[in-house]
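Engineer: I would like the atomic coordinates for the input below:
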Amino acid sequence: HDIFCSLARSWEQDFKVLAVPHHTQVFSLLVFKAFLNDPQQGVRTLLAQVSTGEGKSMLIAVLAVFVCLTLRKRVHVVGSDKTLVLRDFENFRALFHAFAPEVAPELPLERFAVVCGDPKKVAGAADVVQSIPDDAWIVYCE
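Structural biologist: Here you go, the predicted model:
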């Protein structure tokens, strides 16, 4: 709930649009939450199919924050297209920054979540890195 509210606030501030999650996104995240909170041991797999335009990028970003907050685990998001990886990271940067103090209050915001890339090509982005810092919690890479 808090993650969705923070996301809606950041999008309203950045894009001047109030966006709420699709029902598919809410349902998928509830299934992921139940799966991740299930105490069963052993190898388990969960797959989700999300159709075009139903917000896979948002699901991944929110799930990354959820895993950091509740499981206290670090997350790597790997994509096949560096342009899309950078776009998605930039779209959810404010969400990552909103929850960074809860997960790692000692870390500067630009170290909590980073994206792999060439810092020289992205002006003013301290969170664009060529190598993954040991203390980063969320890492987007191609």
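Engineer: so which residues of this structure form helices?
Structural biologist: Ranges of helices within the chain are 2-15, 23-37, 56-66, 82-103, 109-112, based on DSSP state H.
Engineer: comparing these, which yields the minimum mean pLDDT?
Structural biologist: Among the helices of the chain, helix 2-15 carries the lowest mean pLDDT, at a mean of 79.
Engineer: touching that helix from outside, list them.
Structural biologist: By Cβ atoms under 8 Å, 6 or more residues apart in numbering, the residues outside helix 2-15 that reach it are 17-21, 26, 58, 61-62, 65-66, 69, 92, 94-95, 98-99. No exception for glycine: its C-beta is placed from N, CA and C like everyone else's.
Engineer: got it, and stretch 84-104?
Structural biologist: 3, 6-7, 10, 13-14, 57-58, 60-62, 64-65, 68-69, 72, 77, 79, 107, 109, 112-113, 115-117, 122, 127-128, 135, 137-138, 140-142.
Engineer: before we move on, what about stretch 29-44?
Structural biologist: 21, 46, 48, 59, 62-63, 66-67, 70-71.
Engineer: spatially central residue in the protein, please.
Structural biologist: Nearest to the geometric centre of the chain sits A61, at 2.4 Å (Cα atoms, centre = their mean).
Engineer: distance check, it against K120.
Structural biologist: Going from A61 to K120 by Cβ to Cβ, to the nearest Å gives 25 Å.
Engineer: ok, back up a step: just the buried subset of the contacts of helix 2-15, please.
Structural biologist: 21, 58, 61-62, 65-66, 92, 94-95, 98-99 (16 or more other Cβ atoms under 10 Å).
Engineer: and those residues as a markdown table, adding distance to V31?
Structural biologist: Formatted as a markdown table, these follow (distance: Cβ to Cβ, whole Å):
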| residue | distance to V31 |
| --- | --- |
| P21 | 14 |
| M58 | 15 |
| A61 | 17 |
| V62 | 13 |
| V65 | 17 |
| F66 | 12 |
| F92 | 21 |
| A94 | 26 |
| L95 | 20 |
| A98 | 24 |
| F99 | 21 |
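Engineer: how far off centre is stretch 44-62?
Structural biologist: Its chain's average C-alpha position is 12 Å from that of stretch 44-62, according to Cα atoms, centre = their mean, to the nearest Å.
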